[in-house]
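**Student:** With the sequence up front, the predicted model follows.
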Amino acid sequence: MKRRILIVEDEEKLSRVIELQLVSAGFDVDKAGTGEEGLKLADRANLVLTDLRLPGMDGLELLHAIHRQNSQVPVVVMTAYGTVEVAVEAMKAGAVDFLLKPFSLEHLMAVVGKALELTQLRDENRELKEELGRRYQFDNIVGRSPAMQEIFGTISRVAGSRATVLLAGESGVGKDLIARAIHFHSNRRERPFVKINCTAIPENLMESELFGYEKGAFTGASTTKPGKFEQADTGTVFLDEIGDVPPSIQVKLLRILQEREFERLGSNKTRHIDVRIVAATNADLRQALEQGTFREDLYYRLNVVPINIPPLRDRREDIAYLAEHFVAKLAKETGSETRGVTPAGVERLLGYHWPGNVRELENVIERSVVLCGCVMLDAPDIRLDMSPQRPQPAAAGTFLPEGMTLDQYEQSIIREALKRAAGNKSQAARLLGLTRNALRYRLTQMGLDSADASNGA
């Protein structure tokens, strides 16, 4: 679509020269000799070029009037050299640029191109923000079941407050999406949203990553670096897998929640921040409390507004809607010709146990769409991941392996997990279905360390 530029200039010869140059460059052009005439035409312009000295309404008054009428229309002011101070005043009032008379046509086109490019960037930024907001609207978090409707109601009530939220649920149920929905429905939506995956950060780096460090705080600290909490100031911090935070960091998190203050690593200066915290876990934190691996005072500070997200197998009425949602999403993103799932296909989806929850369902739909390429996914087209094997029941009359106590059996399993994980506690914990802290607690109680266990000691 051709861009339309409005020229507001009472000097007819200059107006005509600018018009010819813009038309030759491929623009549509409107002209006005006064500010009053220009204001009537401004609503259909993509850019306004206006002189500052005009009969009647001057250029500065026109600029204010245009912005009251449509704040998105960029305005470039033209002025003689002697009134450059007025041009600066116009820039402060919202003009995107100015041209000092006399100017070359080459300079004119450079300023016009820059102003239109800036406008395009602003439009794209606004569209991205709108798209991001739509992504986390409740109608895009699919859930028709009573359990999900109750969660949506809780989000609506809690989003506008500063209350800390604790999301609990299995991996893949959509905790990340709900955390972002809380942020984007709050008055912090224009501020940062910083996600911290507590499992992904090595324990020895967690303090510096979360709270930052000063230059020289440790070997290799050649510059000062703010931490994740500082980056999220005035916004929201999402602490994913909070159960994997080691005790030394739990104390500092408690201080953030209670006092909204902290110190960088290597600094004695107390810093104050304003952050809203949303935490998530797929572990049973109450069990961690009993084991002593999670602080009780931190738990109650986090558990102000608990939201338990049920697994997909407990809300099967959402499966058909989710499948249709993912098919439509893929069609939009990839141009896929698949338009839906047949009733037989839905029945096949309903018959599966979904250990990976919504994330697994999305992967199954994407795999099925890619491999099928059909208009409707039928039962044979649904490519479920049947490779994970369920535990086999023990043989009749057996319980523990012969000659082994429960403690010995548990130690052997932990040793094997650490051996397979090459001594990596986090990976071993995932193999065992435990948090890293829970595994550390068991190793301490049994008098084991990762080196001994991985070596089969």
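**Tutor:** Good, I have the coordinates. Residues are numbered from 1 along each chain as shown.

**Student:** Walk me through the domains of this protein.
**Tutor:** With domains defined by automatic domain parsing, the chain comprises 4-131, 140-310, 313-381, 406-454.

**Student:** could you redo the ones you listed as CSV and give each row mean pLDDT and mean neighbour count?
**Tutor:** To be clear about C-beta, it is placed using only N, CA and C from the backbone, and glycine gets the same treatment. CSV is the format used below for the domains of the chain (pLDDT from 0 to 100; neighbours: other CB atoms under 10 Å):
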stretch, mean pLDDT, mean neighbour count
domain 4-131, 85, 17
domain 140-310, 91, 18
domain 313-381, 91, 17
domain 406-454, 75, 17
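
**Student:** what's in contact with whatever helix or strand residue 90 lives in?
**Tutor:** Under the criterion of DSSP states H and E, residue 90 resides in helix 84-92. With contact meaning CB atoms under 8 Å, 6 or more residues apart in numbering, helix 84-92 is reached by 52, 59-60, 63, 75, 77, 79, 95, 97-98, 100.

**Student:** The same query, at a cut-off of 7 Å, please.
**Tutor:** Here helix 84-92 makes contact (CB atoms under 7 Å, 6 or more residues apart in numbering) with 52, 59-60, 63, 77, 79, 98, 100.

**Student:** Now, those that are in strands?
**Tutor:** 77, 79, 98, 100 (DSSP state E).

**Student:** quick one, helices of the stretch 251-400 of the chain?
**Tutor:** 285-291, 296-302, 319-334, 343-350, 357-372 (DSSP state H, counting those that start in this stretch).

**Student:** Which one, of these, ends up nearest to residue 434?
**Tutor:** Nearest to residue 434 among these is helix 285-291; the distance by CB to CB comes to 9.8 Å.

**Student:** helices and strands around that closest one, which ones?
**Tutor:** helix 296-302, helix 436-446 (3 or more CB pairs under 7 Å, 6 or more residues apart in numbering; DSSP states H and E).

**Student:** List of residues touching the shortest one?
**Tutor:** So the one you mean is helix 296-302. 164, 166, 242, 250, 253-254, 257-258, 279, 285, 289.

**Student:** End to end on stretch 427-447, go ahead and measure it.
**Tutor:** 20 Å (CA to CA, to the nearest Å).

**Student:** what sits against the closest residue to residue 267 other than its chain neighbours?
**Tutor:** Nearest non-adjacent residue to residue 267, counting by CB to CB, 6 or more residues apart in numbering: residue 214, 4.6 Å away. When contacts are counted by CB under 7 Å, 6+ apart, residue 214 is found next to 224, 264-267.

**Student:** coming back round to it: could I get the helices of the stretch 251-400 of the chain as a markdown table with distance to residue 445?
**Tutor:** Below are the helices of the stretch 251-400 of the chain laid out as a markdown table (distance: least, CB to CB, whole Å):
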| stretch | distance to residue 445 |
| --- | --- |
| helix 285-291 | 9 |
| helix 296-302 | 19 |
| helix 319-334 | 41 |
| helix 343-350 | 43 |
| helix 357-372 | 32 |
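
**Student:** for these, which one sits closest to residue 205?
**Tutor:** helix 296-302 (20.4 Å).

**Student:** on that earlier part again, out of the helices of the stretch 251-400 of the chain, the one nearest residue 6 is which?
**Tutor:** Once the helices of the stretch 251-400 of the chain are compared by CB to CB, helix 319-334 is nearest, at 36.1 Å.

**Student:** measure residue 364 to residue 143 for me?
**Tutor:** Residue 364 sits 18 Å away from residue 143, going by CB to CB, to the nearest Å.

**Student:** Repeat that for residue 29.
**Tutor:** Taken as CB to CB, the span from residue 29 to residue 143 is 52 Å.

**Student:** which pair in the contacts of residue 214 spans the largest distance?
**Tutor:** Farthest apart among those by CB to CB are 224 and 265. That separation is 10.3 Å.

**Student:** For residue 375, give me its contacts.
**Tutor:** By CB under 7 Å, 6+ apart, the neighbours of residue 375 are 337-339.
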